[in-house]
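**Student:** Mind looking at a prediction? Sequence and model below.
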Amino acid sequence: MIGVCCAYFLAKQSAEVILVERGEIGGAASFGNAGSIAPGHPPLNKPGRIRRSLLDLLNPKSPLYIPVRWDPGLFRWLWTFRTFCTDHHLAASMEALAPLGHASLDLFDGLVASENLACNYERSGYYEICRTKEGLVEVAHDASMMRQYGYHPREMSGDELREIEPAILESVVGGVFFPEAATCDPHRFVLELADRSVRRGVRIETGRGVSEVLSTRSAVKGVRLEDGKILDASAVVLATGSYSASLTKKFGLRLPVRAGKGYHRDLELEDASARLLDVACILAETSVFCTPIAGFTRLAGTLEFSGVNHEMRPRRLEQLTLAAEDYLHGVQGAVIRSEWCGLRPCTPDGIPYVGPVPGQSGLFVATGHAMLGLTLGPVTGKLIEGYVSEGRTSLPAGALGLERLE
């Protein structure tokens, strides 16, 4: 998602672009994420998050999973994450991310319309629904924060929700509707935008990983691929997700990006013409997203810190179904269409790294979007286009800069 958006906007400025993809376009985290474009929603770093997370580890239905193993790097990352779970940092995060969310949603609207992208894009908003009063209080607090940044969430009772979405169970006590949001098929979006990028002159190299960024003392000069081939370039953008850290070490830049594995399970009803839901819902207490996409419903969520791997854990997949059964009619008996896992690149402060690498002319980073990769994809592409072509951006993106790592 991030790499294709960067390539597209750079090509629009007549840059000569090569997009190097270690696998297939849209084949990793962009293939099966929740399909939720949810601007303005607060990041993971909230006061009390660590305490709740520790309690969650004892709950088999918890969205968080950390296997017992010796991993000093993860311990350091979690300790740093803890230091950012404050009211002050939450306010700073909202100041940084909320305006970019508005810009990205406008870009989505423009891209889908102008490029005629066939990706099941719907500006239908989403509901966050709660089974407990405690959950409702937290969601209402998030909504209150978002209103300060030009968003218009609306609190609703359980009965009001059921009038709109009959699938919602009586156990749901209430929720919030977030109108400034959209859904799409993320894989189709990436494939479609990659196609439009190629039409604008982008060359795509698939199945080829990058082993090293080549440089002089002060400027990049290209990349070396894993097969030894060298691609010359005056600018290099690392949109390398959970694999970013190894490519920046030689520049003295240690990116604290950890892979947070997410899962999806797609469900179809026996009646192919029916949908479980008409509008996407987040199940508040379990952080599972339920997204209707072209004939099926995607259950997506969980956050697993088990390293860089694609091992599918059946219990994590089952957690998605168990969570949905607590909120929605029709989940039992639905047919499983597909199951998947992917790696989200997570930063300890909950804010992506987007911008130039200090002291190294021509080197840029665009990674660490965690659960916001789809939401912030287009605006990240615009930011990188500005940095590469003009050396600056007119968007409020200072908080995303790499200077905060110094």
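**Tutor:** All right, it came through fine.

**Student:** Next, count neighbours for G27.
**Tutor:** G27: 17 surrounding residues under other Cβ atoms under 10 Å. Any C-beta I mention is one placed from the backbone N, CA and C, and that applies to glycine too.

**Student:** should've said F84
**Tutor:** If you count neighbours by other Cβ under 10 Å, F84 ends up with 21.

**Student:** can you check V139 too?
**Tutor:** Applying other Cβ under 10 Å, I find that V139 has 23 neighbouring residues.

**Student:** hang on, it is in a strand, isn't it?
**Tutor:** No: the assignment for V139 (DSSP: H, G, I helix; E, B strand; the rest coil) gives helix, which keeps it out of a strand.

**Student:** ok, it touching L283?
**Tutor:** No: the criterion here is Cβ atoms under 8 Å, and V139 misses it with L283 at 11.0 Å.

**Student:** Give me the nearest residue to E115, chain neighbours excluded.
**Tutor:** Leaving aside its sequence neighbours, E115 sits nearest to R196 (Cβ to Cβ, 6 or more residues apart in numbering; 4.7 Å).

**Student:** Now do that neighbour, the pLDDT please.
**Tutor:** Per-residue pLDDT puts R196 at 98.

**Student:** if I read this right, it contacts F9, doesn't it?
**Tutor:** No: in this structure, R196 is not within contact of F9 by Cβ under 8 Å, at 11.1 Å.

**Student:** okay, the two: which has more neighbours?
**Tutor:** The residue with more neighbours, out of R196 and F9, is F9; 26 against 18, by other Cβ under 10 Å.

**Student:** Can you give me every residue that contacts the more buried one?
**Tutor:** P378, G381, K382, I384, E385 (Cβ atoms under 8 Å, 6 or more residues apart in numbering).

**Student:** List the buried residues in the helix of greatest length in the chain.
**Tutor:** Longest helix in the chain, counting residues (DSSP state H): helix 87-114. Across helix 87-114, burial judged by 16 or more other Cβ atoms under 10 Å covers 89-90, 92-94, 96-105, 107-108, 111-112.

**Student:** Mind exporting the C-alpha coordinates of the following helix or strand past it to PDB?
**Tutor:** Next along the chain after helix 87-114, taking DSSP states H and E as the criterion, comes strand 126-130. This file holds the C-alpha atoms of strand 126-130, laid out as PDB (Å, rounded to 0.1, in the frame of the first residue of the first chain):
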ATOM      1  CA  TYR A 126     -18.400   2.500  10.500                       C
ATOM      2  CA  TYR A 127     -19.900   1.700  13.900                       C
ATOM      3  CA  GLU A 128     -17.900   0.900  17.100                       C
ATOM      4  CA  ILE A 129     -20.200  -1.300  19.200                       C
ATOM      5  CA  CYS A 130     -19.900  -2.100  22.800                       C
END
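
**Student:** neighbouring strands for strand 126-130, and are they parallel or not?
**Tutor:** strand 174-178 (antiparallel), strand 280-283 (parallel) (DSSP bridges).

**Student:** Comparing those, which comes out most buried?
**Tutor:** The highest average neighbour count among the strands paired with strand 126-130, using mean count of other Cβ atoms under 10 Å, belongs to strand 280-283 at a mean of 27.

**Student:** Going by contacts, tell me the helices and strands next to the very next helix or strand once past that one.
**Tutor:** Beyond strand 280-283 on the C-terminal side, the first helix or strand identified by DSSP H and E is strand 288-293. If you count contacts as 3 or more Cβ pairs under 8 Å, 6 or more residues apart in numbering; DSSP states H and E, strand 288-293 packs onto strand 182-183, strand 280-283, strand 296-304, helix 314-325.

**Student:** Contacts for the helix or strand harbouring R224, please.
**Tutor:** Using DSSP H and E, R224 sits in strand 220-225. Outside strand 220-225, the residues that touch it by Cβ under 8 Å, 6+ apart are 20, 205, 208-215, 230-236, 360-363.

**Student:** Of those, grab the buried ones for PyMOL.
**Tutor:** The buried residues among those can be selected in PyMOL (16+ other Cβ under 10 Å) with this line:
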select buried, resi 20+210+213+215+231+233+235+236+360+362+363
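
**Student:** where does the stretch 251-400 of the chain dip in pLDDT?
**Tutor:** Across the stretch 251-400 of the chain, the ranges flagged by pLDDT under 70 are 272-273.

**Student:** mind listing the helices for it?
**Tutor:** Using DSSP state H, counting those that start in this stretch, the helices of the stretch 251-400 of the chain run over 314-325, 377-390.

**Student:** Hey, what's the angle from the shortest one to strand 296-304? Just curious.
**Tutor:** If I follow you right, that is helix 314-325. Orientation check (axes from the mean of the first three to the mean of the last three Cα atoms, to 10 degrees): helix 314-325 against strand 296-304 gives 120 degrees.
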